[in-house]
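1. Mind looking at a prediction? Sequence and model below.
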Amino acid sequence: MDPSATGIQEPFDLIRLSLSERVFVKLRGDREVTGILHAYDGHMNLILSDVEETIMIVDTENAPDGTVNVAKRKMEMLFVRGDGVILVSPPSRA
Amino acid sequence: MDETTPPPPPEEHSPPPPPPQSHTGSPTDFLKGVVGKRVIVRLTSGVDYQGILSCLDGYMNIALEQTEEHVNGAITNRYGDAFIRGNNVLYISAAETI
(Lines give C-alpha, C1' and ligand atoms only; values in the text may rest on other atoms or scores of the structure.)
Protein backbone atom coordinates (compact mmCIF):
# COMPACT_ATOMS: atom_id res chain seq x y z
CA MET A 1 0.00 0.00 0.00
CA ASP A 2 1.05 3.53 -0.63
CA PRO A 3 2.66 4.64 2.64
CA SER A 4 1.28 8.15 2.25
CA ALA A 5 -2.25 6.79 2.12
CA THR A 6 -2.08 5.55 5.74
CA GLY A 7 -5.01 3.23 5.26
CA ILE A 8 -7.47 5.79 3.92
CA GLN A 9 -9.75 4.23 1.32
CA GLU A 10 -12.60 6.72 1.37
CA PRO A 11 -12.86 10.32 2.49
CA PHE A 12 -14.89 9.46 5.59
CA ASP A 13 -11.95 7.43 6.89
CA LEU A 14 -10.24 10.76 7.49
CA ILE A 15 -13.09 11.75 9.79
CA ARG A 16 -13.27 8.36 11.50
CA LEU A 17 -9.57 8.57 12.36
CA SER A 18 -10.21 11.99 13.92
CA LEU A 19 -12.76 10.84 16.50
CA SER A 20 -11.84 12.11 19.98
CA GLU A 21 -9.40 14.54 18.39
CA ARG A 22 -9.60 18.28 17.98
CA VAL A 23 -10.71 19.11 14.45
CA PHE A 24 -10.97 22.31 12.46
CA VAL A 25 -14.26 22.77 10.60
CA LYS A 26 -14.86 25.42 7.96
CA LEU A 27 -18.53 26.31 7.64
CA ARG A 28 -20.66 28.32 5.28
CA GLY A 29 -21.21 31.93 6.20
CA ASP A 30 -17.54 32.71 6.96
CA ARG A 31 -17.53 30.66 10.14
CA GLU A 32 -14.99 28.25 11.53
CA VAL A 33 -15.16 26.03 14.57
CA THR A 34 -12.63 23.90 16.36
CA GLY A 35 -13.61 21.25 18.84
CA ILE A 36 -13.25 17.67 19.96
CA LEU A 37 -15.05 15.38 17.52
CA HIS A 38 -17.38 12.98 19.29
CA ALA A 39 -19.61 11.73 16.51
CA TYR A 40 -20.49 12.21 12.85
CA ASP A 41 -22.73 10.66 10.23
CA GLY A 42 -22.97 10.42 6.48
CA HIS A 43 -24.40 13.94 6.20
CA MET A 44 -21.36 15.21 8.07
CA ASN A 45 -23.58 16.19 10.97
CA LEU A 46 -21.04 16.59 13.75
CA ILE A 47 -21.05 16.52 17.52
CA LEU A 48 -18.25 18.63 18.94
CA SER A 49 -17.31 19.55 22.48
CA ASP A 50 -15.09 22.27 23.94
CA VAL A 51 -15.87 24.34 20.87
CA GLU A 52 -14.58 27.70 19.80
CA GLU A 53 -16.39 29.38 16.93
CA THR A 54 -14.74 32.12 14.87
CA ILE A 55 -16.95 34.39 12.77
CA MET A 56 -15.34 36.57 10.12
CA ILE A 57 -17.26 39.79 9.55
CA VAL A 58 -16.20 41.96 6.62
CA ASP A 59 -17.23 45.54 7.26
CA THR A 60 -17.82 46.96 3.78
CA GLU A 61 -19.91 49.89 5.04
CA ASN A 62 -17.55 51.81 7.28
CA ALA A 63 -14.11 50.35 6.78
CA PRO A 64 -12.07 50.28 3.58
CA ASP A 65 -12.16 46.93 1.89
CA GLY A 66 -10.07 44.18 3.35
CA THR A 67 -10.89 44.89 6.95
CA VAL A 68 -12.15 41.77 8.63
CA ASN A 69 -13.58 41.78 12.12
CA VAL A 70 -13.39 38.52 13.98
CA ALA A 71 -15.86 37.46 16.63
CA LYS A 72 -15.25 34.43 18.79
CA ARG A 73 -17.43 32.50 21.18
CA LYS A 74 -17.14 29.27 23.08
CA MET A 75 -19.62 26.48 23.53
CA GLU A 76 -19.46 23.34 25.61
CA MET A 77 -21.26 21.03 23.24
CA LEU A 78 -22.36 21.64 19.69
CA PHE A 79 -24.34 19.86 17.01
CA VAL A 80 -23.29 21.03 13.53
CA ARG A 81 -25.78 20.35 10.74
CA GLY A 82 -23.92 18.65 7.92
CA ASP A 83 -25.05 20.84 5.06
CA GLY A 84 -23.16 23.79 6.52
CA VAL A 85 -19.83 21.99 6.43
CA ILE A 86 -17.31 22.96 3.76
CA LEU A 87 -14.11 21.38 5.07
CA VAL A 88 -12.93 19.32 8.02
CA SER A 89 -9.26 19.10 8.89
CA PRO A 90 -8.03 16.67 11.51
CA PRO A 91 -5.07 17.52 13.70
CA SER A 92 -1.87 17.10 11.72
CA ARG A 93 -0.44 13.74 12.65
CA ALA A 94 3.22 13.63 11.85
CA MET B 1 -14.39 14.78 -62.14
CA ASP B 2 -12.20 13.63 -65.07
CA GLU B 3 -10.78 10.27 -64.14
CA THR B 4 -8.74 9.68 -67.36
CA THR B 5 -5.66 11.49 -66.23
CA PRO B 6 -4.26 10.22 -63.03
CA PRO B 7 -4.00 12.96 -60.56
CA PRO B 8 -0.52 13.98 -59.55
CA PRO B 9 0.74 12.02 -56.62
CA PRO B 10 -0.43 13.78 -53.56
CA GLU B 11 2.52 15.44 -52.02
CA GLU B 12 2.94 14.12 -48.49
CA HIS B 13 -0.72 14.02 -47.84
CA SER B 14 -1.30 14.65 -44.20
CA PRO B 15 -1.65 11.34 -42.40
CA PRO B 16 -5.10 10.14 -41.52
CA PRO B 17 -6.46 11.41 -38.26
CA PRO B 18 -4.75 9.66 -35.40
CA PRO B 19 -6.62 6.95 -33.60
CA PRO B 20 -8.54 8.06 -30.55
CA GLN B 21 -6.14 9.00 -27.85
CA SER B 22 -6.05 7.13 -24.61
CA HIS B 23 -7.26 10.22 -22.81
CA THR B 24 -10.71 9.88 -24.20
CA GLY B 25 -12.22 8.36 -21.11
CA SER B 26 -15.16 8.77 -18.85
CA PRO B 27 -15.16 11.25 -15.99
CA THR B 28 -14.71 8.27 -13.70
CA ASP B 29 -11.57 7.27 -15.62
CA PHE B 30 -10.23 10.77 -15.11
CA LEU B 31 -10.89 10.63 -11.38
CA LYS B 32 -9.25 7.22 -11.08
CA GLY B 33 -6.27 8.67 -12.93
CA VAL B 34 -5.78 11.63 -10.61
CA VAL B 35 -5.96 9.76 -7.29
CA GLY B 36 -2.55 10.13 -5.70
CA LYS B 37 -1.69 13.12 -7.88
CA ARG B 38 -1.62 16.84 -7.24
CA VAL B 39 -4.97 18.43 -7.97
CA ILE B 40 -6.68 21.77 -7.64
CA VAL B 41 -10.18 21.58 -6.23
CA ARG B 42 -12.28 24.68 -6.78
CA LEU B 43 -15.35 25.21 -4.65
CA THR B 44 -18.43 27.07 -5.78
CA SER B 45 -17.37 29.88 -3.44
CA GLY B 46 -14.27 30.40 -5.61
CA VAL B 47 -11.82 29.12 -3.01
CA ASP B 48 -9.17 26.74 -4.36
CA TYR B 49 -7.59 23.81 -2.55
CA GLN B 50 -4.37 22.45 -3.98
CA GLY B 51 -3.06 19.17 -2.66
CA ILE B 52 -2.58 15.48 -3.25
CA LEU B 53 -5.85 13.68 -3.85
CA SER B 54 -6.04 10.81 -1.34
CA CYS B 55 -9.46 9.56 -2.36
CA LEU B 56 -12.98 10.56 -3.17
CA ASP B 57 -16.43 9.01 -3.09
CA GLY B 58 -19.65 9.08 -5.05
CA TYR B 59 -20.80 12.32 -3.43
CA MET B 60 -17.51 13.84 -4.56
CA ASN B 61 -16.45 14.16 -0.94
CA ILE B 62 -12.70 14.56 -1.20
CA ALA B 63 -9.75 13.75 1.03
CA LEU B 64 -6.65 15.83 0.29
CA GLU B 65 -3.13 15.70 1.72
CA GLN B 66 -0.64 18.55 2.02
CA THR B 67 -3.38 20.99 1.19
CA GLU B 68 -2.97 24.68 0.51
CA GLU B 69 -6.00 26.94 0.56
CA HIS B 70 -5.84 29.70 -2.04
CA VAL B 71 -8.14 32.72 -2.03
CA ASN B 72 -7.63 35.21 -4.86
CA GLY B 73 -4.28 33.61 -5.62
CA ALA B 74 -2.84 33.98 -2.10
CA ILE B 75 -2.29 31.08 0.26
CA THR B 76 -4.60 31.56 3.23
CA ASN B 77 -4.22 28.24 5.05
CA ARG B 78 -2.39 24.92 5.06
CA TYR B 79 -3.78 21.60 6.20
CA GLY B 80 -1.99 18.29 6.56
CA ASP B 81 -5.21 16.51 5.71
CA ALA B 82 -8.51 17.92 4.62
CA PHE B 83 -11.96 16.50 4.05
CA ILE B 84 -14.02 18.55 1.61
CA ARG B 85 -17.77 17.95 1.56
CA GLY B 86 -18.73 17.11 -2.01
CA ASN B 87 -21.62 19.53 -2.43
CA ASN B 88 -19.18 22.45 -2.34
CA VAL B 89 -17.04 21.17 -5.24
CA LEU B 90 -17.14 23.02 -8.56
CA TYR B 91 -14.32 21.15 -10.30
CA ILE B 92 -11.25 19.00 -9.81
CA SER B 93 -8.31 19.94 -11.99
CA ALA B 94 -5.20 17.84 -12.50
CA ALA B 95 -2.19 19.92 -11.42
CA GLU B 96 0.35 17.47 -12.89
CA THR B 97 0.38 15.13 -15.87
CA ILE B 98 -1.79 12.09 -15.35
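-> Here it is on my side, so go on.
2. residues in contact with the closest residue to chain A within chain B?
-> Chain B approaches chain A most closely through residue B:80 (3.5 Å), counting by CB to the nearest CB. Backbone N, C-alpha and C define where each C-beta goes, glycine included. Shown in contact with residue B:80 (CB atoms under 8 Å, 6 or more residues apart in numbering or on different chains): A:89, A:90, A:92, A:93, B:65, B:66, B:67.
3. again with residue A:41
-> Contacts of residue A:41 by CB under 8 Å, 6+ apart are residue A:82.
4. now swap in residue A:14 and tell me
-> Here residue A:14 is in contact with A:8, A:88, A:90, B:54, B:63, B:81, B:82, B:83 (CB under 8 Å, 6+ apart).
5. The fourth one and residue B:65 touch, don't they?
-> The one in question is residue B:54. Yes: under the criterion of CB atoms under 8 Å, residue B:54 makes contact with residue B:65 at 5.4 Å.
6. hey, what's in contact with both of these two?
-> By CB under 8 Å, 6+ apart, the residues touching both residue B:54 and residue B:65 are residue B:81.
7. Excluding chain neighbours, what is closest to the residue of chain A found nearest chain B?
-> Residue nearest to chain B within chain A: residue A:92 (3.5 Å; CB to the nearest CB). Leaving aside its chain neighbours, residue A:92 sits nearest to residue B:80 (3.5 Å; criterion: CB to CB, 6 or more residues apart in numbering or on different chains).
8. Get me the contact residues on chain A for chain B.
-> A:2, A:4-5, A:8-15, A:24, A:44, A:82-83, A:85-90, A:92-93 (CB under 8 Å from any CB of the partner chain).
9. Now, these that are in strands?
-> Counting by DSSP state E, these place A:24, A:85, A:86, A:87, A:88, A:89 in strands.
10. Quick check: closest non-adjacent residue to the third one.
-> Spelled out, that is residue A:86. Nearest residue to residue A:86, sequence neighbours excluded (CB to CB, 6+ apart): residue A:26, at 4.5 Å.
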